[in-house]
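Colleague: A structural model of the following input is requested.
(chains A and B)
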Amino acid sequence: MTCMAFATRLALRDVELKECTPLFEEEQYKTQLTELINLITPLLDTEETGIKLDETKCTGCGNCVVVCPVDATVEPDTASGKAARTTETVFRVEDGIVKIINLERCRRFPPDRMNCRVCEQGCYVKAIEIW
Amino acid sequence: MQDTVCCGCSVVCDDVAVAVKKTNLQSLGLCRLGHEYCNSVFNKHRLTTALYKDGSGKLRPIPTKDAIQRATSLLQDSSRPLFIGWSNSTQEAIQLGLQLSKNKKGIFDSTASFEYGQILRNKLQGTESEQIKLDDVRDYADHIVYWGVNPAESHHRHASRFSVFPKGKNIPEGRESRVVSVLDVRKTESMGLANHQLILSPTTGDVEFLQALIGELKGTQQPLAEKVGGVPTIEFLSFAKQLREAETIALFYGNGLIHTTHSSQSLPLLKQLKSILNRGKRRCWTFPMVAYCNTIGSVKASLKSSKLPFSVDFSSNPPKPITSIFKSLTDGQFDCAIITNWDALSLLPGPMAQALSKLPLITFSTLPTLTTKKASIVFPTALMGAETSGTAYRMDGVSIPLKPFKKPPQGVLTEENVLKQILVAL
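Modeller: Residues are numbered from 1 along each chain as shown, chains lettered A, B, ... in the order given. Okay, here's the model as predicted:
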């Protein structure tokens, strides 16, 4: 596997950094190893989809609920602005804060891993970040 | 979970649900503001008994019946009472407040006179021809403008329910089918949603920008400088172009445009802009972003009762408008005031608050506030929407029946109930 292919698979979480043995064994890659560790550390906090939700920033506006294409399919009223009320959606605002209640339905979830970022783009307060 | 209606702000969300637990509330769909508002039924500082200020100036608990008697006698002794607040009251309570003001030949005023004044008068009296609803914005508006208002902080669900994100009849792709512009004097969170993020200079930026925009749309614009009202000319021209190309524009404006030292210039210019944008097939709708949940209801009720939107003097027949509530208060024209669910002493300008605090005050409140501290009589009240039935009017004038989810605490009555008893006693 080439370095580029490994990097892509690393970003997709198909491989782990430790699987690149030269990085750890050869002195010349020491700086690169440190940089890579810094780069992927935030990923460790994210969900399987790369979505990072900061509940302390969330205002419960529901923008993510309304823009999510999965929510629009499973609970069509959300697409026209209504609050998510069923247990079928990806996002639902509970107690004033959004929760991801069906992560496995997100379009970013393996194996599809679509590069969908609409929830991140719709978030006023940057409570949703995608890594 | 049971359906309810949130009275936390003027969006009055009616698609939400709550479950009442022993010491807290679980909610679905309520934003952070709305959840905190509804959850305040469990606030440990809540007022649960009527209070009366004794000779030593301390507030002491008294039975509600006695408080009603004392309030009645205060009003009986008053020759010029002021009835103020009303934007956080149900429509039914407001009507009783108007009746009380009429019977006592007092002055009725709501927070509308401090918020949007003349604008609401024009909107609700029909000088503005359209009575457009937020549902029309969702269905048809392809250019959304927020001017001097930051819904990300003040009306959390406004963009997701009605303006920016939802799909509608002529808006098949939701956000992708709309252009969004936000104008303010600083970078706001709402600008994160916008195609056009226009930061105006804080002095007279809005007046210069409006004048130039009107000129540009009319085709009479003189050569432009490098910046227009603080906005780079290239951004100004791009915004003007997209306004010209839009089919339906919904413009929401707030305190940032209204409460400036030069609003006497900017508001007529806004009106002129609207009329230019309304030419041909293009439509332009404007909405003041009122803050409180029933400001519109208070204006509607006042118009119906007196043909005046607020600041009504019932001492003459027909009732007259008072020229300035600011002046009337600071001139000491009142001898007693009823303040309903509004922390007037914290929110009014210093000289007005000072003048008000010197009067015998009868206040209605769910929580202790600066106003209740200074009051002669305090009535603890049920939380609007959460513990009261009745009606509220959304910011676009749609009436929404409230769906209470809890009974008020033992001994706590609704504002409507107390006002009715005072009215009967008088």
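
Colleague: from now on I want contacts and neighbour counts done on CA atoms only, so please keep to that.
Modeller: Noted.

Colleague: got a pLDDT number for the nearest residue to B:Glu115 once chain neighbours are set aside?
Modeller: Distances taken as CA to CA, 6 or more residues apart in numbering or on different chains put B:Val290 closest to B:Glu115, at 7.1 Å, once the chain neighbours are dropped. pLDDT for B:Val290: 90.

Colleague: and B:Val290, how far from B:Gly390?
Modeller: According to CA to CA, to the nearest Å, B:Val290 and B:Gly390 sit 20 Å apart.

Colleague: so these two - more neighbours on which side?
Modeller: For B:Val290 versus B:Gly390, neighbours defined as other CA atoms under 10 Å in any protein chain shown are more numerous around B:Val290 (25 against 17).

Colleague: just to check, the more buried one is in contact with B:Gly397?
Modeller: No: the criterion here is CA atoms under 8 Å, and B:Val290 misses it with B:Gly397 at 11.1 Å.

Colleague: how many residues are close by A:Met1?
Modeller: Neighbour tally, A:Met1, other CA under 10 Å: 6.

Colleague: what of A:Gly122?
Modeller: By other CA under 10 Å, 24 other residues sit near A:Gly122.

Colleague: so who does it touch?
Modeller: By CA atoms under 8 Å, 6 or more residues apart in numbering or on different chains, the residues touching A:Gly122 are A:63-64, A:67, B:193.

Colleague: among those residues, which are located in helices?
Modeller: A:63-64, A:67 (DSSP state H).

Colleague: I'd like those written out as TSV, with distance to chain B added.
Modeller: TSV is the format used below for those (distance: CA to the nearest CA, whole Å):
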residue	distance to chain B
A:Asn63	5
A:Cys64	8
A:Val67	7
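
Colleague: kindly reformat the residues you listed as CSV containing pLDDT.
Modeller: As requested, those are exported to CSV (pLDDT from 0 to 100):
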residue, pLDDT
A:Asn63, 95
A:Cys64, 95
A:Val67, 95
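
Colleague: ok, and the most crowded of these?
Modeller: For those, the largest number of neighbours (other CA under 10 Å) sits with A:Asn63, at 31 neighbours.

Colleague: what's around the closest residue to B:Thr388 other than its chain neighbours, how many residues?
Modeller: Counting by CA to CA, 6+ apart, B:Thr388 lies nearest to B:Pro404, which is 5.4 Å off, once chain neighbours are set aside. Using other CA under 10 Å, B:Pro404 is surrounded by 20 other residues.

Colleague: ok, and what's touching the helix ranked longest in chain A?
Modeller: In chain A, ranked by residue count with DSSP H as the criterion, the top helix is helix A:30-44. Contact with helix A:30-44 is made by A:23-24, A:50, A:131, as judged by CA under 8 Å, 6+ apart.

Colleague: tell me the SS of the residue located most distally from the centre of chain B?
Modeller: Residue farthest from the centre of chain B, counting by CA atoms, centre = their mean, is B:Pro223 at 40.1 Å. Three-state assignment for B:Pro223 (DSSP: H, G, I helix; E, B strand; the rest coil): coil.

Colleague: for chain A, see how far away it is.
Modeller: Per CA to the nearest CA, to the nearest Å, B:Pro223 is found 36 Å from chain A.

Colleague: before we move on, what about B:Leu193?
Modeller: Taking CA to the nearest CA, one finds B:Leu193 at 7 Å from chain A.

Colleague: could you check the pLDDT of residue 68?
Modeller: In the absence of a named chain, this looks at chain A. For A:Cys68, the pLDDT comes out at 95.

Colleague: let's do chain B instead
Modeller: According to the model, B:Ile68 scores 96 on pLDDT.

Colleague: what residues are up against the residue nearest to it when sequence neighbours are not counted?
Modeller: What sits nearest to B:Ile68 in space, not counting adjacent residues and going by CA to CA, 6+ apart, is B:Ile422, at 6.1 Å. Applying CA under 8 Å, 6+ apart, we find B:Ile422 in contact with B:68-69, B:71-72.

Colleague: phi, psi of the residue sitting furthest away from the middle of chain A?
Modeller: The C-alpha centroid of chain A is most remote from A:Glu27, which lies 33.3 Å away (CA atoms, centre = their mean). Main-chain torsions, A:Glu27, degrees, to the nearest 10: phi -60, psi -40.

Colleague: which pLDDT value belongs to it?
Modeller: Confidence score, pLDDT, at A:Glu27: 87.

Colleague: for the one 5 residues further on, same thing?
Modeller: For A:Gln32, the pLDDT comes out at 85.

Colleague: neighbours around it, how many?
Modeller: Neighbour number of A:Gln32 under other CA under 10 Å is 11.

Colleague: before we move on, what about A:Asn115?
Modeller: The number of residues packed near A:Asn115 is 11, by other CA under 10 Å.

Colleague: and the residue lying closest to B:Trp342 once chain neighbours are set aside, how far from B:Gly106?
Modeller: Closest residue to B:Trp342 apart from its sequence neighbours, by CA to CA, 6+ apart: B:Gly85 at 5.5 Å. Computed as CA to CA, the B:Gly85 to B:Gly106 distance reads 14 Å.

Colleague: the bottom helix or strand of the chain by mean pLDDT?
Modeller: Answering for chain A, as no chain was given. Lowest by mean pLDDT, DSSP states H and E among the helices and strands of chain A is helix A:30-44, with a mean of 77.

Colleague: oops, chain B please
Modeller: helix B:117-125 (a mean of 60).

Colleague: contacts for whatever helix or strand comes next after that one next, please.
Modeller: Next helix or strand after helix B:117-125 toward the C-terminus (DSSP states H and E): helix B:134-140. Contact with helix B:134-140 is made by A:80, B:161-164, B:166-171, B:248, B:250, B:396, as judged by CA under 8 Å, 6+ apart.

Colleague: buried sites along helix B:134-140?
Modeller: Residues B:134, B:136-140 are the ones in helix B:134-140 that count as buried (16 or more other CA atoms under 10 Å in any protein chain shown).

Colleague: between these, which is nearest chain A?
Modeller: Proximity of those to chain A (CA to the nearest CA) peaks at B:Arg138, which lies at 7.8 Å.

Colleague: ok, the closest residue in space to the closest one that isn't next to it in sequence to B:Leu402 distance?
Modeller: Residue nearest to B:Arg138 in three dimensions, not counting chain neighbours: B:Phe162, with 4.7 Å by CA to CA, 6+ apart. B:Phe162 sits 20 Å away from B:Leu402, going by CA to CA.

Colleague: low-confidence ranges in the chain?
Modeller: All of this is about chain A. Along chain A, segments meeting pLDDT under 70 span A:12, A:42-48.

Colleague: that's the wrong chain, I meant chain B
Modeller: Where chain B drops to pLDDT under 70, the residues are B:116-130.

Colleague: quick one: name the residues of it near chain A.
Modeller: B:15-16, B:25-36, B:138, B:152, B:156-157, B:159-162, B:165-168, B:174-175, B:189-190, B:192-193 (CA under 8 Å from any CA of the partner chain).

Colleague: in strands, which of those fall?
Modeller: Among those, the subset assigned to strands under DSSP state E consists of B:16, B:25-28.

Colleague: mind checking which of the residues you listed are buried?
Modeller: Using 16+ other CA under 10 Å as the burial test, those include B:16, B:25-28 as buried.

Colleague: pull the most distant pair out of these.
Modeller: Farthest pair in these (CA to CA) is B:Val16 and B:Leu25. Separation: 12.8 Å.

Colleague: so which residues of chain A form strands?
Modeller: A:51-53, A:91-94, A:97-100, A:128-130.

Colleague: out of those, flag the one nearest chain B.
Modeller: strand A:91-94 (4.8 Å).

Colleague: and chain B, is that closest one touching that?
Modeller: Yes: Strand A:91-94 comes into contact with chain B (CA under 8 Å from any CA), by way of A:92-94.

Colleague: possible to save the residues you listed as TSV with neighbour count?
Modeller: Formatted as TSV, these follow (neighbours: other CA atoms under 10 Å in any protein chain shown):
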residue	neighbour count
A:Arg92	27
A:Val93	27
A:Glu94	22
